[in-house]
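Enquirer: when you get a sec, could you give me coordinates for this:
(one chain, ligands or ions: 2)
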Amino acid sequence: MNILSVPVTPFGGQRPGTSGLRKKVTVFQQPGYLEAFVQSIFDALPEAVGRGAAGQTLVLGGDGRFFNDRAIQTIIRMAAANGVARLLVGRDGLLSTPATSAVIRGRKASGGIILSASHNPGGPDGDFGIKYNAENGGPAPERVTEAIYHRSLTISSYRTFDTAAVPLDQIASMEIGEMELSVIDPVAEYAALMERIFDFDRLRALFRDGFRLRFDAMSAVTGPYAREIFEHRLGAPAGTAVHAEPLPDFGGHHPDPNPTYAAPLVAALAAPDAPDFGAASDGDGDRNMVVTQAGPVSPSDSLAILAANAHLIPWFKEGLPGVARSMPTSRAVDRVAAKLGIDCFETPTGWKYFGNLLDAGRIALCGEESAGTGANHLREKDGVWAVLFWLNILAVRGEAAARVVTDHWARFGRDFYMRHDYESIETDRANRLIETLRRRLPELPGTRFGDFEITEADDFAYTDPVDGSTTAHQGIRVGFADGARIVYRLSGTGTEGATLRVYLERFEADPARHALTASTALAPLAAVSVALADINGIAGRDKPSVVA
Ligand code: VG1
Ligand code: CO
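Expert: Residues are numbered from 1 along each chain as shown. Ligands and ions are numbered 1, 2, ... in the order given. Below is the predicted model of the structure:
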């Protein structure tokens with residue numbers, strides 16, 4: 001056998017964040033760095049999930065970013081040396097995050113490894129990431145990621161298989177030692193699942209009648225999925241998917257579908273010859289941004305609109321058992337749940353917290369303000385699925401997308417919503433800002449800022465209703481007398497210093513005021529958010545670097 005055991009010294013700092021381990025490419029390029037983390041996954045699994053990867057089927061793929069090709073080969077060799085029985089790898093090393101989830105579930109694999117830093121920039125100076133997904137197809141829960149981290153602190157060697165690079169450009173099966181490696185079509189199984197969820201006949205008729213979609217894949221992983229599903233299976237014209245070639249550096253762009261980084265899409269929808277609907281997805285295909293001819297739809301509103309219209313798609317024709325949103329996501333979906341008489345759960349940021357609720361059937365639809373929406377068909381958020389969901393609703397309702405949004409506000413009221421990100425703050429300052437707020441929590445209620453009076457403030461902690469696991473310090477919530485809310489938390493996906501995220505929202509029942517822009521409606525609250533946390537003084541910033 002060509003199995004080698006290679007000594008390695010622990011690197012420290014290999015603690016997965018909101019979604020896997022994310023670092024600069026240059027960090028991952030250090031000899032042994034990736035290997036130490038991957039071996040830690042293999043070593044931690046038997047205890048963390050009751051069985052290891054040995055003898056099991058595992059799924060492997062990534063978003064095609066720089067270093068994806070090298071990392072895939074390393075992991076293939078290590079999987080063979082660690083006794084994996086069967087490894088399913090996406091052709092060219094590609095698999096979107098939702099497609100990985102679909103393959104893990106569809107093939108009853110014991111888990112998967114996803115190579116992606118998602119919405120973070122790529123290229124030699126950009127970011128890389130790696131994430132382990134469990135048997136249910138979802139991100140490993142915190143208990144498992146912590147076990148992996150603890151293993152990484154003591155690791156002393158990794159196992160690998162001495163073999164040449166494996167060709168991944170053709171659908172084929174081969175043996176690597178005792179492991180069977182199958183190169184699979186990254187799109188087929190995912191596309192077949194979409195056909196079971198949505199009314200493809202109706203969608204084909206929509207495009208036949210001239211409906212125009214512009215889907216911006218941002219030179220990331222969803223290009224091949226969008227081409228196959230929108231253009232080939234649904235008959236949308238060629239060119240419906242733009243930037244549809246996955247590139248290792250995403251064409252130099254930031255594959256984060258928000259109004260700042262997807263500005264060309266927003267502009268296209270505002271042009272005189274605008275398409276009927278615009279959408280974009282992120283690096284690994286789990287996020288979605290939707291844009292109507294009236295502008296981008298806030299992801300929190302999008303979640304609420306999907307919930308209110310869910311019964312219109314075949315998959316949800318019986319309705320929803322319950323819904324969930326991450327804590328900083330606006331309460332628009334809560335209003336829909338209340339009207340439908342179903343449960344609505346508030347979870348910490350990150351998709352891993354939805355897994356138990358989905359597995360237990362307590363919820364069937366969930367989402368995050370960061371442009372993530374998903375459902376019980378998978379255990380990841382799902383960008384292309386969300387776009388199909390919208391299209392299916394538009395096809396049934398026969399109304400313009402912008403109209404669906406304003407109708408929703410008229411029925412439920414509007415939750416004005418905005419997120420201000422302050423990126424690359426010195427870590428010490430960011431921690432000090434949050435700690436200062438935490439310390440002041442007891443004295444905040446009663447405090448006034450002009451018209452705004454604080455009525456409640458806490459440090460969000462969560463107890464999982466299914467398994468009772470708890471997690472604390474998930475963000476500072478500040479509630480005001482008029483129902484407005486500010487949330488402060490630090491990002492767990494960044495790779496440079498710290499990113500402070502400030503989430504602002506305010507409810508407006510009066511339809512006469514729904515046409516205001518979010519930035520106008522929230523300007524006074526934004527000023528309060530800066531003063532309350534002393535962002536200028538502590539973080540040294542006078543304005544956010546990203547407004548989403
Ligand atoms: C961000 C978002 C969070 C999302 C996570 C992963 O995390 O806020 O909602 O689940 O990214 O998304 P953070 O800790 O930076 O706020 V993805 O598409 O990058 O996997
Ligand atoms: Co992503």
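Enquirer: hang on, residue 529 packs against residue 505?
Expert: No - with contacts counted by C-beta atoms under 8 Å, residue 529 stays clear of residue 505, the gap being 10.9 Å. (Each C-beta comes from the backbone N, C-alpha and C, glycine too.)
Enquirer: just the pLDDT for residue 1.
Expert: The confidence metric pLDDT takes the value 59 at residue 1.
Enquirer: before we move on, the earlier item: residue 529 and residue 505: who's more crowded?
Expert: Per other C-beta atoms under 10 Å, whichever of residue 529 and residue 505 has more neighbours is residue 505, with 26 against 22.
Enquirer: that one in helix, strand or coil?
Expert: Assigned by DSSP: H, G, I helix; E, B strand; the rest coil, the conformation of residue 505 is strand.
Enquirer: likewise residue 310?
Expert: Going by three-state DSSP: residue 310 is helix.
Enquirer: distance check, it against residue 301.
Expert: The gap separating residue 310 from residue 301 is 15 Å, by C-beta to C-beta, to the nearest Å.
Enquirer: how far away is residue 70 from residue 76?
Expert: Residue 70 is 11 Å from residue 76, by C-beta to C-beta.
Enquirer: so those two - more neighbours on which side?
Expert: residue 76 (24 against 16).
Enquirer: for the stretch 151-300 of the chain, which spans come out with low pLDDT?
Expert: Within the stretch 151-300 of the chain, no stretch falls below the threshold (pLDDT under 70).
Enquirer: residues from it in reach of ligand 1?
Expert: Counting by C-beta under 6 Å from any ligand atom, the stretch 151-300 of the chain comes close to ligand 1 at 282, 286-287.
Enquirer: which members of those residues additionally contact ligand 2?
Expert: Checking those against ligand 2 by C-beta under 5 Å from the ion, the ones in range are 282, 286-287.
Enquirer: give the buried subset of those as a ChimeraX selection command.
Expert: Of those, the buried ones go into a single ChimeraX selection, burial set by 16 or more other C-beta atoms under 10 Å:
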select :282,286,287
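Enquirer: in a markdown table, list the ones next to ligand 2 among the residues of the stretch 151-300 of the chain next to ligand 1 along with secondary structure.
Expert: A markdown table is the format used below for these (three-state DSSP):
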| residue | secondary structure |
| --- | --- |
| 282 | coil |
| 286 | coil |
| 287 | strand |
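Enquirer: quick one: residues contacting whichever residue of the stretch 401-548 of the chain sits closest to ligand 2.
Expert: Closest to ligand 2 within the stretch 401-548 of the chain is residue 493: 9.0 Å, counting by C-beta to the ion. Taking C-beta atoms under 8 Å, 6 or more residues apart in numbering, we find residue 493 in contact with 17-19, 22, 117-120.
Enquirer: could you do residue 507 as well?
Expert: 331, 413-416, 483-484.
Enquirer: now residue 313. Nearest residue, chain neighbours left out?
Expert: Computed as C-beta to C-beta, 6 or more residues apart in numbering, the closest residue to residue 313 that is not its neighbour in sequence is residue 392, at 4.7 Å.
Enquirer: alright, that wraps it up for me.
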